[in-house]
Structures are given as C-alpha cells and as structure tokens.
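Chemist: Curious how this folds, go ahead:
(one chain, ligands or ions: 4)
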Amino acid sequence: MKLSQIIAPILTAKMIGNPNVEINGVEVDSRKVKAGDLFICLLGFTVDGHDFAQKAVEQGAVAILCERPLDLQVPQVIVKDARFAMAMIADLFYQHPSQKLKVIGVTGTNGKTTTTHLIEKILADQGHLSGLIGTIKMKIGNEIVEAKNTTPDALLLQQSFAKMVKVGSDYAIMEVSSHALDMGRVRGVNYHIGVFTNLTQDHLDYHLTMEKYRDAKGLLFSQLGNTFHSLLEENKYAVLNADDQASEYFQQITAAQVITYGIDHDADVKALDIHIDAQGTSFAVETFRGNIDIQLKMIGKFSVYNALAAMTVGLIEGISLDQIKQSLEQISGVDGRFEPVNEGQDYTVLVDYAHTPDSLENILKTVKEFAKGKIYCVFGAGGDRDKTKRPIMGEIAVKYSDIAVVTSDNPRSENPEQIIHDILVGIEKTGVDTNKYIVIIDRKEAIEYAVSQAKKDDVILIAGKGHETYQILKNKTIHFDDREIARDAIRSKRS
Ligand SMILES: CC(=O)N[C@H]1[C@@H](OP(=O)(O)OP(=O)(O)OC[C@H]2O[C@@H](n3ccc(=O)[nH]c3=O)[C@H](O)[C@@H]2O)O[C@H](CO)[C@@H](O)[C@@H]1O[C@H](C)C(=O)N[C@@H](C)C(=O)N[C@H](CCC(=O)O)C(=O)O
Ligand SMILES: Nc1ncnc2c1ncn2[C@@H]1O[C@H](COP(=O)(O)OP(=O)(O)OP(=O)(O)O)[C@@H](O)[C@H]1O
Ligand SMILES: N[C@H](CCC[C@H](N)C(=O)O)C(=O)O
Ligand SMILES: [Mg+2]
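Modeler: Residues are numbered from 1 along each chain as shown. Ligands and ions are numbered 1, 2, ... in the order given. All right, here's what the predicted structure looks like:
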C-alpha cells in the first residue's frame, strides 16, 4: 500500500518527502520494525517514541508518522494526534476487520474476563468460532497469544481482528478496559454489542475521579451505534446492568438499543430466588424470551450477574434459553477466578483475582456464606496502581475474614513495605485486635503460613493474582503462581 493511501483519511496531515513510498507494514515499537515499515512515534508514559525514530529507520522503516518534524532522511507525516492517527491507519491498513466480525465489547470494573469467557462458551456451543481478547490471553482460532495488556493498542488490536477474520472467526469477544477507551486503543472498532458489568473503585491513579473513570467507560456506549445509518445496517445493542447507577448515564449517551439485566431492580433479564452454597448457585430467570431455572457451578451473587450478562448476549444472538442454560451450567469457572486448589485436604484453598475493594468484598462475603471454619485472607495490592484502594481493601479483609495475612502482590517499582503500610492504615482504622491480622511481606511465605495454620473446615482465600504466573518486582519479574505454591504447601504440610 502506498503511504499516500494510508494517510488519505487524515485530512490535516502534513507530508514531508515522497508520499508514494510503498509501505509493507506499520509498527509502533522500533525494536520490532522490519524493512518497508511505516514507524509511528507515540509520546508514551515512560519514553517518547520520537526518540526511537532514527533507530527505526536504521532497522528498515521507510517512512515515519510523528507529531513534530524530525531530522531524518525518510518521508515524514506530521499529525496532531499520533494515537488517533494510529487507530485510523490500523483500521485502514488491515482493511476494516471489525466490520467483518460481530464484535462484542465488555467493559466494567469487575467481571470482564469471566463474562467474555461465558459468552465464548455460549457461542461456541452453537458452532461459532470466536476470537477472544482479554487479561488472561488472546485467542485467535486455536492459537493462544500471550497478552501484555487486557486491551491491546490499536495496531495489535486491528492486526488481531484481521487474523481472526482470516481463520474464519465470526465473532470477536473482547474486554475493553477504561485505559484502552481513554487512550483511543479501540477507536473506530465496529461493535455489535457493548456490555457493562459494574462500576466501582479502581484505577484512580489514572482517571483521578470516579466521574472521569465512568466517562472513560462511557466511550464504549457513546461510540456504539451512534448513527441511525449504522442502526439500519446492523443492529447495535447496549447490555446494561440495571442494578448499577452508571447504567442510567450509559443509556443516555448511546444510540444503541438498550437491554438490561439485573437482580434487585426491574430488568429485561432478571434473576430471582438465588440460592448459594459450596457446590454452586441456583436461580430462576425471567427474560423477554421466557423463563427458566439455572444451576451454576460458579459461586456467588456476582456470578449470577456475569451469567445474566452473558445470557442477554446469547438471547440477542437468537440462541434459545434452553441452549444458553446448558452452556452456562457446564462451566465450572475461569482460570484463577475462585479456583480451588484441591489436594484432598480437609480445608478449602481458593485462588481468586479480586484486586479491587468491591471484588474483595464480594468474594469474601461469598466465602462467608458457606465457610464452616475460620476464613484466612491472603492478599496485597499492586504497586504503581491506585493507592487509595489499599486501605479500603485492608478494612474489607479484616471485616470479612478471621485472619488477614497481609502480603505483597506485584510491587512493581514500589517498596513492598510501603504498600503494606498503606493497607495497614485501613486495618488499624477499624480498631481490630492485632491477632486478627499478620504481615508477611514475602507472598510465598504468606501462603505457606496460612496453609500451616489451617484446620478442618477452614477456608483460605488467596486473592489478587488469580491466573498470573509471575510476580513483578522492582528490577525483575519472577515465575510465581499462587496455585503451585499453595499446592506444594498443602502437600508438605501432610508429609
Ligand atoms: C500506562 C499505559 O497504559 N502504558 C501503555 C503504553 O505504554 P507507554 O505509552 O508508556 O509506552 P512507552 O514505554 O513510554 O513507549 C512510548 C513509545 O515508544 C516506543 N518505544 C519504546 C522503547 C523502544 O526501545 N522503542 C520504541 O519504539 C513504544 O513502542 C511506544 O510506542 O502503551 C503500551 C503499548 O500499547 C502498553 O503496553 C502500556 O501498558 C502498560 C504495560 C500498562 O501497565 N498499562 C496498564 C495501566 C493498562 O493499560 N491496563 C489496562 C487494564 C486495566 C484493567 O481494567 O484492569 C489494560 O488494558 O491493559
Ligand atoms: N460481576 C462481578 N462483580 C464484582 N466482582 C466480580 C464480578 N465478577 C468477578 N468478580 C471478582 O473480580 C475478580 C476479577 O474478575 P474478572 O477477572 O472477571 O474481572 P475483570 O473485570 O476482567 O478484571 P481486570 O480489570 O483485572 O481485567 C474475580 O476474581 C472475582 O473476585
Ligand atoms: N489489570 C489490573 C490487574 C491487577 C492485578 C494485580 N495483581 C496487580 O498487579 O495490581 C491492573 O493492571 O491494574
Ligand atoms: Mg480482565
């Protein structure tokens, strides 16, 4: 493709040099540039991509897209907003792949990964091939690709959509993070359905206020079917949680057809008679396509919300309630979410990805509903992330567990002691007895401690890292898997 064709939609772009140069690929990381690429310079959070333009040219880049003129010998395109330009170029270069797929975007503070997996299962059971994009992995056909971000940058995203089209996928089911929405990673994506799970505190380091956080999530709905033209060509739907206040705002800003799900408020898909025990969760559901009873293997009221959201998507896609029920009832859970580590011991060990106040509270309340013995909660908080959630999580941990084992999560560039100190502020504020909590900085030792203490019928909840198989420390990332460590600890306690 010629450079002039790639940049044609950007009306205000300024061209320096030959616009007819042939472009073989588009790249945003100088380390990955190949001969014939167009290199896009992005002003990052840690470094400035413009500083790598020279290196990109040495690697074979034949043109540069940037926000200021650079002293280079290859053609340059100067734009006002390189991130915006990148989203537009990626969509064009990969030939508008999201228009060839039914894209289902799921946003919300908690439950995105779980809900996307439930939707994938419902669609797969009806013979559909879905690409999956999210925290745990990216899946294209049968290929699994490691994911650095929950929602990748526009270039990788559009490239992945194009691969999904190529392998014959008819759906793409993706988590849409608030960061991605705010940074324009998903700009121009042609969504068929937008799903909202919930909005509670997280990421205030980035968004600063809950209102701005909500507004970022709102971009999914304001960008969904915002013209009558697209409504006529293909129906667009916003699936909203009737029990979450933010849904009213999302309803106002979308032109898509709104379909609600909920438990406590009136909704188009509404659950009643919920019963939770250690084996699972049962409920009745009333929908615009009839009523049915469901027995989930997943536990907790929050699991009902995730199931309702996925069910609503299934109904929109014309799948029968009976078929949706069969799919949902087969799922025992998602990797690292409420995942039991079972070595035949007489106490329960659960690994979960709760890393926000709301998810920690939900998961502990759920555990409390069936725990016969003491509850241990092993948890920490991530470094270089929202600091204000730390004391709140501390407060919640001691409120709903018998022993809180405060430890490290991914400290990243921060001092682990400082993060723990922030958590302790919340714990101490509650005035709980000092024998209700213990600090063990090393996460492995913290897990081993909880296992060593557990007696018959006790429950150990290891929260925060779920499926993660690494721990990000100041200068290195090490292999770390809560499940492996718990398993070893259980075995060595027995021997
Ligand atoms: C704060 C943030 O979101 N940062 C993202 C951003 O990195 P950045 O802008 O800081 O990049 P940078 O390292 O400063 O580099 C700037 C530019 O120079 C280029 N460069 C850099 C070095 C070099 O040698 N050559 C080169 O060309 C880079 O490719 C980049 O284009 O762009 C990168 C590429 O897309 C992302 O991987 C990175 O996510 C980091 C890893 C991150 O941790 N992000 C979190 C906050 C995030 O986005 N989380 C959400 C999920 C949140 C949730 O809901 O739970 C997510 O969607 O993942
Ligand atoms: N609907 C929900 N409401 C509240 N908490 C939930 C819900 N679903 C899951 N959780 C809790 O949140 C944790 C994370 O769930 P999940 O990975 O599905 O969320 P996510 O939105 O993808 O998170 P992330 O933002 O890290 O990608 C789970 O381990 C569970 O403790
Ligand atoms: N997507 C989330 C994951 C947090 C997981 C937790 N283990 C942590 O490191 O804080 C984030 O980047 O904020
Ligand atoms: Mg996720």
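Chemist: what does the protein put close to ligand 1?
Modeler: Residues of the chain lying close to ligand 1 by C-beta under 6 Å from any ligand atom are 28-31, 42, 44-47, 49, 52, 148-151, 153, 177, 179-180. C-beta: built from backbone N, CA, C; applies to glycine.
Chemist: mind checking the end-to-end distance for stretch 426-435?
Modeler: Start-to-end span of stretch 426-435 (C-alpha to C-alpha, to the nearest Å) is 16 Å.
Chemist: So for it, mean pLDDT?
Modeler: In this model, stretch 426-435 has a mean pLDDT of 96.
Chemist: residue contacts, Asp358?
Modeler: Contacts for Asp358 (C-beta atoms under 8 Å, 6 or more residues apart in numbering) come out as Thr109, Asn110, Asn198, Thr200, Gln201.
Chemist: For ligand 1, state which of those is nearest.
Modeler: Nearest to ligand 1 among those is Thr109, at 7.4 Å by C-beta to the nearest ligand atom.
Chemist: what residues does the stretch 1-150 of the chain put near ligand 2?
Modeler: Contacts of the stretch 1-150 of the chain with ligand 2, taken as C-beta under 6 Å from any ligand atom, map to Gly108, Asn110, Gly111, Lys112, Thr113, Thr114, Thr135, Thr150.
Chemist: Can you list the neighbours in contact with the helix or strand hosting the fifth one?
Modeler: Thr113 is part of helix 112-124 when elements are defined by DSSP states H and E. Taking contacts as C-beta under 8 Å, 6+ apart, the residues outside helix 112-124 that touch it are 104, 106, 130, 132, 134-136, 150, 171, 173-177, 195, 197, 303, 306-307, 309-311, 313-314, 317, 319, 323-324, 327-328, 330-331, 334, 337, 353.
Chemist: can we see that at 7 Å?
Modeler: With contacts defined as C-beta atoms under 7 Å, 6 or more residues apart in numbering, helix 112-124 is touched by 104, 106, 130, 132, 134-136, 171, 173-175, 195, 197, 306-307, 309-310, 313-314, 319, 324, 327-328, 331, 334, 337.
Chemist: what does stretch 388-406 give?
Modeler: 201-202, 204, 356-357, 360-361, 364-365, 368, 374-381, 419-420, 422-427, 429-430, 432, 436-440, 446, 449-450.
Chemist: Stretch 438-445 now?
Modeler: With C-beta under 7 Å, 6+ apart, stretch 438-445 has contacts from 380, 403, 405-408, 416-417, 420, 446, 449, 471, 480, 485.
Chemist: And those residues, which of them are buried?
Modeler: When the contacts of stretch 438-445 are checked for burial by 16 or more other C-beta atoms under 10 Å, the buried set is 380, 403, 405-408, 416, 420, 446, 449, 471, 480, 485.
Chemist: Just these: which are in strands?
Modeler: Of the positions in the buried ones among the contacts of stretch 438-445, Ile403, Val405, Val406, Gln471 sit in strands, assigned by DSSP state E.
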